[in-house]
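Engineer: predicted model and sequence follow; I will ask about them next.
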Amino acid sequence: MNATISKRFAKSAAEAQLSRESWRIFQIMAEFVEGFERLCHVAPAVSIFGSARTATDDPWYQMTEKTARLLSDAGFSVISGGGPGIMEAANKGAQPGKSPSVGVNIQLPHEQKPNDYQDISLNFRHFFARKVMFVKYSSAYVVFPGGFGTLDELAEILTLVQTGKSRSIPIILAGSAFWGGLLDWFRESLVTAGTISPEDLDLIQVMDEPEGIVEAIFTHYESRSLEPSEAEQEIMLEL
């Protein structure tokens, strides 16, 4: 293949890829529109995160289920990632309660199979669109033990609140034994190195009991509305 043909081939391939990417924009738009339309009435809501690998007989599964039921009966919709493990426990606990059980599912090659306990179920191809749904409609984040995906969601909300791109909400880590090492590293490495401020750690609370989690959320909102203010709503438009 001479240089001229090679350049034409490369240009043609690039144009074909650009066309595919351009059409993908409409798919992304559709995910946002469906998410906004179906979740706009679930507030107030609490997002619960944790491992997809947690077994049903695991104490963390049982704690998640109890926490979700308490939140649902207290008037909070419960939003999970819609899959198995901790996500399933969250939806399972919420569904018999007074408030909707919501699953924001993601299509993955493995580990993500929608659970059977969702009153409202959405499906996403794109992680970033899915993440917006968690942040936009949540009055609190409750993070149970999990892996990279759970850490990703935790880092996401911490960054958004720290930088003022999202309103301040309770960010609760469930399980002091599990999260203690990470928090120690935050203090000993990040704060010491100056990559975060000491007060940034105040964004995080650690709880070991379902009742304490619910109480911490209500305490946070004693002096403020569960509904975002007008200024906060403007901020949330730029997530």
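Structural biologist: Received the coordinates, thanks.

Engineer: now do the helices in the protein.
Structural biologist: With DSSP state H as the criterion, the chain has helices at 3-39, 59-73, 86-94, 127-136, 148-162, 176-185, 192-193, 210-220, 230-236.

Engineer: and the longest one, what's its mean pLDDT?
Structural biologist: For helix 3-39, mean pLDDT is 76.

Engineer: just name the most buried of the helices of the chain.
Structural biologist: helix 86-94 (a mean of 30; mean count of other Cβ atoms under 10 Å). C-beta coordinates here come from the backbone N, C-alpha and C atoms, glycine included.

Engineer: rewinding a little: output the helices of the chain as CSV; include the columns distance to Asp116.
Structural biologist: As requested, the helices of the chain are exported to CSV (distance: least, Cβ to Cβ, whole Å):
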stretch, distance to Asp116
helix 3-39, 19
helix 59-73, 14
helix 86-94, 8
helix 127-136, 20
helix 148-162, 21
helix 176-185, 27
helix 192-193, 45
helix 210-220, 22
helix 230-236, 31
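
Engineer: can you tell me which of those is nearest to Ser51?
Structural biologist: Ser51 lies closest, by Cβ to Cβ, to one member of the helices of the chain: helix 86-94, at 5.5 Å.

Engineer: quick check: Ala68 touching Asn91?
Structural biologist: Yes. Counting by Cβ atoms under 8 Å, Ala68 touches Asn91, with 7.3 Å between them.

Engineer: anything in contact with each of these two?
Structural biologist: By Cβ atoms under 8 Å, 6 or more residues apart in numbering, Ala68 and Asn91 have these common neighbours: 78, 101.

Engineer: now for this protein, the helix or strand with the poorest mean pLDDT.
Structural biologist: Ranked by mean pLDDT, DSSP states H and E, the weakest helix or strand in the chain is helix 3-39, scoring a mean of 76.

Engineer: for Pro84, what are phi and psi?
Structural biologist: Backbone torsions of Pro84, given as degrees, to the nearest 10, read phi -80, psi -170.

Engineer: ok, and the closest non-adjacent residue to it?
Structural biologist: In space, and not counting its chain neighbours, Pro84 is closest to Ala52: 5.2 Å by Cβ to Cβ, 6 or more residues apart in numbering.

Engineer: isn't that neighbour right up against Gly85?
Structural biologist: Yes. Counting by Cβ under 8 Å, Ala52 touches Gly85, with 4.2 Å between them.

Engineer: of those two, which one has the most company?
Structural biologist: Each of Ala52 and Gly85 has its neighbours counted (other Cβ atoms under 10 Å); Gly85 has more, 26 against 21.

Engineer: so what's that one up against?
Structural biologist: Going by Cβ under 8 Å, 6+ apart, Gly85 touches 50-55, 61.

Engineer: any of those residues buried? List them.
Structural biologist: With burial judged by 16 or more other Cβ atoms under 10 Å, the buried subset of those is 50-52, 54, 61.

Engineer: need these in JSON lines with distance to Thr192 and pLDDT, can you?
Structural biologist: Below are the buried ones among the contacts of Gly85 laid out as JSON lines (distance: Cβ to Cβ, whole Å; pLDDT from 0 to 100):
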{"residue": "Gly50", "distance to Thr192": "29", "pLDDT": "97"}
{"residue": "Ser51", "distance to Thr192": "29", "pLDDT": "97"}
{"residue": "Ala52", "distance to Thr192": "33", "pLDDT": "94"}
{"residue": "Thr54", "distance to Thr192": "33", "pLDDT": "97"}
{"residue": "Tyr61", "distance to Thr192": "36", "pLDDT": "98"}
